[in-house]
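>>> Generate a structure from the sequence data that follows.
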Amino acid sequence: MKRNREEEEEEKNKRKMEIVWQTPAHPAVKEDYIFHNGKRHVRPYHFEFVSHVNKRWEGKTIVDLFAQEFRGRSRDYYVSAVKCGRIQVDGENIPVSYIVKRCQKISHFLHRHEPPVMAWDVGILQNEPDVLTVCKPASVPVHPCGQYRKNTVLGILQAEHGFAPLYPIHRLDRLVSGLLIMAKNPAKADIFRQHIEAGLVQKQYVAKVVGVFPEGEQVVDASIDYNAREGRSTAVVGISNDDTTLKGKASCTKFTRISTNGTHSIVLCEPITGRTHQIRVHLQCTGHPIANDMLYFSDNVVDRSTLGTTADRAAALSGSSPETSCKNHNEECKYCSEDFTLDPMCTHCPNLAPNGYDGHEEGLWLHCVRYSGPEWVYECPYPDWASLMFISSPYMLIKPEVPPAGPARNYGFKSGQEIMEHDFGLIPAWN
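Next up, the predicted model:
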């Protein structure tokens, strides 16, 4: 009997130690997520990263390749990973001196830790036979990219609602919130693509910017040059001639002030083109950048005393010591380490979040509210931060306890005066 119990315990421990290697084909499920301190974490999981040897990699040793191309880990780690079979070529274990050849398949088996995102729901707005629209929360990427796979809009919708496959028809940056339109089949996605390429789609965003934005329509027509290495765009202003050619792609955005309280303004943004960070860069050009966009603040800000405050800046201004910040970061990252299996080869364990995550998440005050095209319109409610007292009209916005049902209806606005029904009500300022 004792031997049987020991054998059962040994078999149980053996099953517990077995690793199930996930691939992109494995869907996200509800049990993958851990919620803590207002953030959505992903339970760390084992994952097979696959790449193929290109011309630049050809002729390098397997260790040199990883140490030079993937610098997030040490050379010693890659040596150990090759020796224990965590790095393979064409499905086979290889020595550390192995020289890779063109087009070979390289597998890197990792214990994957995804960065957390804010724990807001991905709110479903409209669920049609061929189209799904949602209100994307800030901080959540749309689709798998970089360190994110399950902590994405597509991953969350599949895990919590069973929506798959979905085909996003436009892009929203990770820190931007608002309307996201997705087709449910390739044929519908292709129709949207044709409308976009033909210039038949109108886009509207709202932004909260620094200072009193000018009245009347403001048009910024400045080319944008995106630097992928820095992750930052630059507006290029000037006139090209036969001798000089301006960098960047032609870009144009229309801005109209909705409201202002003297310190900040809510601005309607209508991008005519679709460049990376276009709205953010063009608002910088006006001298009224988004009020919590630290990436695009510049010397020509109208009033530096009214700068927005990010989570990092708020901590600095509060007088928190580096030791306190570090302690809070460690508590955040090491939370619930007992809720997932530690991997002795993992460079992130026992932390829940990956190394390098700074513990702060904050969305930009930039929100997509409307997309329209030939015979179709999709809209999204305004965010809470878009409610400001009007000083240029006899109205102010208030938020009712229960938002009225039905789609948003935008009746247009002039000179900072907007009439909007959905999750805001209107009362005269003198009441």
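>>> Surely Y378 is in contact with C368?
No: assessed by CB atoms under 8 Å, Y378 is found out of contact with C368, at 9.8 Å. In short, each C-beta sits where N, CA and C put it, glycine included.
>>> Looking at these two now, which is surrounded by more residues?
The residue with more neighbours, out of Y378 and C368, is C368; 24 against 21, by other CB atoms under 10 Å.
>>> nearest residue to the more buried one other than its sequence neighbours?
The spatially closest residue to C368, leaving aside those adjacent along the chain, is G178, at 3.2 Å (CB to CB, 6 or more residues apart in numbering).
>>> where are the low-confidence patches of the stretch 251-400 of the chain?
Applying pLDDT under 70 to the stretch 251-400 of the chain flags the ranges 298-339, 388-400.
>>> before we move on, back to that, surely the residue nearest to C368 meets P137?
No: contact between G178 and P137 fails when scored by CB under 8 Å: they sit 9.4 Å apart.
>>> partner residues bridging G123?
Taking DSSP bridges as the rule, G123 bridges to C135.
>>> End to end on stretch 179-190, go ahead and measure it.
Start-to-end span of stretch 179-190 (CA to CA, to the nearest Å) is 19 Å.
>>> list the buried ones in it?
Of the residues in stretch 179-190, L179, L180, I181, M182, A183, K184, K188, A189 count as buried by neighbour count, 16 or more other CB atoms under 10 Å.
>>> returning to what we had before: mutual contacts of Y378 and C368, please.
With contacts defined as CB atoms under 8 Å, 6 or more residues apart in numbering, the residues shared by Y378 and C368 are L179.
>>> In the stretch 101-250 of the chain, where is pLDDT below threshold?
For the stretch 101-250 of the chain, the stretches with pLDDT under 70 are 238-246.
>>> okay if I get the buried residues of stretch 179-190 as TSV plus distance to G91 and secondary structure?
Formatted as TSV, the buried residues of stretch 179-190 follow (distance: CB to CB, whole Å; DSSP: H, G, I helix; E, B strand; the rest coil):
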residue	distance to G91	secondary structure
L179	44	strand
L180	38	strand
I181	40	strand
M182	35	strand
A183	36	strand
K184	35	coil
K188	38	helix
A189	34	helix
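>>> what would these look like in JSON lines with distance to N54?
Below are the buried residues of stretch 179-190 laid out as JSON lines (distance: CB to CB, whole Å):
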{"residue": "L179", "distance to N54": "38"}
{"residue": "L180", "distance to N54": "33"}
{"residue": "I181", "distance to N54": "35"}
{"residue": "M182", "distance to N54": "32"}
{"residue": "A183", "distance to N54": "32"}
{"residue": "K184", "distance to N54": "35"}
{"residue": "K188", "distance to N54": "35"}
{"residue": "A189", "distance to N54": "29"}
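>>> Count the neighbours of the nearest residue to K55 once chain neighbours are set aside for me.
Closest residue to K55 apart from its sequence neighbours, by CB to CB, 6+ apart: R102 at 6.9 Å. Other residues near R102 number 11, with proximity taken as other CB under 10 Å.
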